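[1] Mind looking at a prediction? Sequence and model below.
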Amino acid sequence: MTAIRYGMVGGGPDAFIGPVHRMAAALDGQFTLVAGAFSSDPERSLQAGEELQLDPTRTYASYEEMAKAEAALPPDERIEIVSIVTPNHLHFPVARLFLQTGFHVVCDKPLTTTLEDAESLCRMAAEGDRVFAVTHNYTGYPMVKEARERVRSGSLGPVRKVVVEYSQGWLATLLEAEGQSQAEGHKQAEWRTDPSRAGISSALGDIGSHAHHLTRYVTGLEVESLFADLGTVVSGRALEDDATVLLHFEGGARGVLLASQISVGERNHFRLRVYGTEGGLDWNQEIPDRLRLMSADGSERLLHTGGSDLSPRTQAHTRLPAGHPEGFIEAFANLYRNVARTLHVRNGAADPCPFDDDFPTVQDGARGVHFIETAVASSSKREWVSGAYDPPAAAQAAAQTPAV
């Protein structure tokens, strides 16, 4: 198999998530970066291309120029897929253009800033038979996959309670107002708290969307109704920086989702607990190679990545022997590897393997946008609202089945 040629939009000098995507895509040698429009500033885009040792003729001044030029190249030279790592407001126009020109897509979350745009991308991916992945990368951790198998096998019994929390402290001050600094933290704060670029939500759109998707992925349950309390704790901020959402799931389970950017001292405290009639489990992103299982008799069992008693899905996404910790990049790379395998199968270069389709899709992205919009509406009305999502028929017929 030859490496899949990809291009990137965004991720230029001083970016945070772009380099993470590039490291993840490179880890298994199944992708090679050949083109990019790395910044809205042509000079900064060219600078990024030079640092990445790309052909200068394939470092573009804009994503529009990139899509047109790449589509004009011979099929065995042009990019096959684009990775979109821009601020939120650009996800839709960039993804739409590259779908229109025939390319597959990997897009950072949230998928779009409106549900209408998200459903439009679902329809376009279906009509063009394009692979479209959304980087809810935390589901790439092996022990998250083990949690999924434990819940879905019924070993915990019917789910009764779900508690998911993503707490950070980096926006505990009005960091976006301190923008004189060129530090990346200030740049991130500036656009993530700006409604014109982040959309209608900050905390939920940024980290709450991860919490929502992780819950769906592990439990397989969809939200039936919710009550959201979104608050702007830091005075002068335009969007919410703290969110609490009460959840009622299909089948009667209840839950709570916490997403906070003002929890002083927290770094990336992302934790999921699921309780059934027979037992419970507990996973923490800051110690991701462990999964705590709890029994009704009060006993506990601690599972570790690399153990021989883990599920085939978990083992297929484990890279190192037991005792060697795997982290954020490896989890991210599992997503990219599954996308690569899917593309190789579609190109006739490989036979299908189990779990090739285990990555978040455009449909998962649309459900995340629906959750954000519903929670914002609930908080505004200060009442319970329906959380059920019934996507349009055309949007349901996406090019690949969601991993959940």
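    Perfect, thanks for sending it. Residues are numbered from 1 along each chain as shown.
[2] going forward, measure contacts between C-alpha atoms and count neighbours the same way
    OK.
[3] list the contacts for the nearest residue to Val85 once chain neighbours are set aside?
    Counting by Cα to Cα, 6 or more residues apart in numbering, Val85 lies nearest to Gly10, which is 5.0 Å off, once chain neighbours are set aside. Applying Cα atoms under 8 Å, 6 or more residues apart in numbering to Gly10 gives the contacts 18, 36-39, 84-86.
[4] Could you tell me which of those residues belong to helices?
    The helices, defined by DSSP state H, take in Gly18 from these.
[5] wait, which of the contacts of Gly10 is closest to Leu302?
    Ranked by distance to Leu302 (Cα to Cα), those are led by Gly18 at 34.3 Å.
[6] tell me the pLDDT at the closest one?
    Confidence per residue is given as pLDDT, and for Gly18 that number is 96.
[7] That one: what's its closest spatial neighbour, skipping adjacent residues?
    Taking Cα to Cα, 6+ apart, and ignoring the residues beside it in sequence, Gly18 has Gly11 as its nearest neighbour in space, at 3.8 Å.
[8] where's Ala296 relative to Arg78, distance?
    In this view, Ala296 and Arg78 are 56 Å apart by Cα to Cα, to the nearest Å.
[9] These two: which is more packed in?
    Arg78 (20 against 12; other Cα atoms under 10 Å).
[10] Just want the phi and psi numbers for that one.
    Backbone torsions for Arg78, taken as degrees, to the nearest 10, come to phi -70, psi 160.
[11] so what's it up against?
    For Arg78, counting by Cα under 8 Å, 6+ apart, the contacting residues are 5, 70-72.
[12] separation between it and Leu230?
    44 Å.
[13] returning to what we had before: closest one of the contacts of Gly10 to Pro391?
    Comparing these against Pro391 with Cα to Cα picks out Ile84 as the nearest, at 23.7 Å.
[14] Mind listing what's buried along stretch 213-230?
    When neighbours are counted by 16 or more other Cα atoms under 10 Å, the buried residues of stretch 213-230 are found to be 213-219, 221-230.
[15] list the contacts for Leu293?
    279-282, 300-303.
[16] now do 7 Å
    If a contact means Cα atoms under 7 Å, 6 or more residues apart in numbering, then Leu293 has 280-282, 300-302 as its contacts.
[17] Then Val369?
    When contacts are counted by Cα under 7 Å, 6+ apart, Val369 is found next to 110-112, 114-115.
[18] ok, the residue nearest to Val85 to Phe16 distance?
    Where Phe16 is concerned, Gly10 sits at a distance of 10 Å (Cα to Cα).
[19] What of Val82?
    Counting by Cα to Cα, the separation of Val82 from Phe16 is 18 Å.
[20] So which of those two has more stuff around it?
    Taking Val82 and Phe16 together and counting by other Cα under 10 Å, Val82 has the greater number of neighbours (25 against 15).
[21] hey, where'd the strands end up in the chain?
    Counting by DSSP state E, the segments of the chain that form strands are 4-10, 31-37, 81-85, 104-107, 132-134, 159-167, 223-231, 242-249, 254-260, 269-276, 279-284, 290-295, 300-304, 385-386.
[22] so which of those strands comes closest to Pro360?
    Nearest to Pro360 among the strands of the chain is strand 132-134; the distance by Cα to Cα comes to 5.4 Å.
[23] helices or strands up against the closest one?
    In terms of contacts (3 or more Cα pairs under 7 Å, 6 or more residues apart in numbering; DSSP states H and E), strand 132-134 is packed against strand 104-107, helix 362-381.
[24] Leu320: which of those is closest?
    strand 104-107 (25.8 Å).
[25] Let me see the contact set for the most centrally placed residue in the chain.
    Nearest to the centroid of the C-alpha atoms of the chain, with distances taken as Cα atoms, centre = their mean, sits His136, at 1.9 Å. In this structure, His136 makes contact with 109, 210, 360, judged by Cα under 7 Å, 6+ apart.
[26] Give the PyMOL command for selecting the buried subset of those residues.
    Applied in PyMOL, the following selects the buried portion of the contacts of His136 according to 16+ other Cα under 10 Å:
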select buried, resi 109+210+360
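[27] mind showing which ranges of the stretch 251-400 of the chain have poor pLDDT?
    Scanning the stretch 251-400 of the chain for pLDDT under 70 picks out the ranges 393-400.
[28] now do the stretch 101-250 of the chain
    In the stretch 101-250 of the chain, residues with pLDDT under 70: 179-185.
[29] please redo it, this time with the cut-off set to 80
    178-185 (pLDDT under 80).
[30] Can you show me the helices along it?
    Remark: helices of the stretch 101-250 of the chain, listed N- to C-terminal, are 115-128, 142-152, 184-192, 195-198, 203, 209-219; assignment by DSSP state H, counting those that start in this stretch.
[31] Let me know which of those is the nearest to Leu246.
    Comparing these under Cα to Cα, the one sitting nearest is helix 209-219, at 11.8 Å.
[32] Next, the angle strand 254-260 makes with the closest one.
    Using axes from the mean of the first three to the mean of the last three Cα atoms, to 10 degrees, the direction of helix 209-219 lies 150 degrees away from that of strand 254-260.
[33] Including distance to Asp206, could the strands of the chain go into a markdown table?
    Shown next, in a markdown table, are the strands of the chain (distance: least, Cα to Cα, whole Å):
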| stretch | distance to Asp206 |
| --- | --- |
| strand 4-10 | 17 |
| strand 31-37 | 23 |
| strand 81-85 | 13 |
| strand 104-107 | 14 |
| strand 132-134 | 13 |
| strand 159-167 | 10 |
| strand 223-231 | 14 |
| strand 242-249 | 11 |
| strand 254-260 | 9 |
| strand 269-276 | 13 |
| strand 279-284 | 18 |
| strand 290-295 | 25 |
| strand 300-304 | 29 |
| strand 385-386 | 22 |
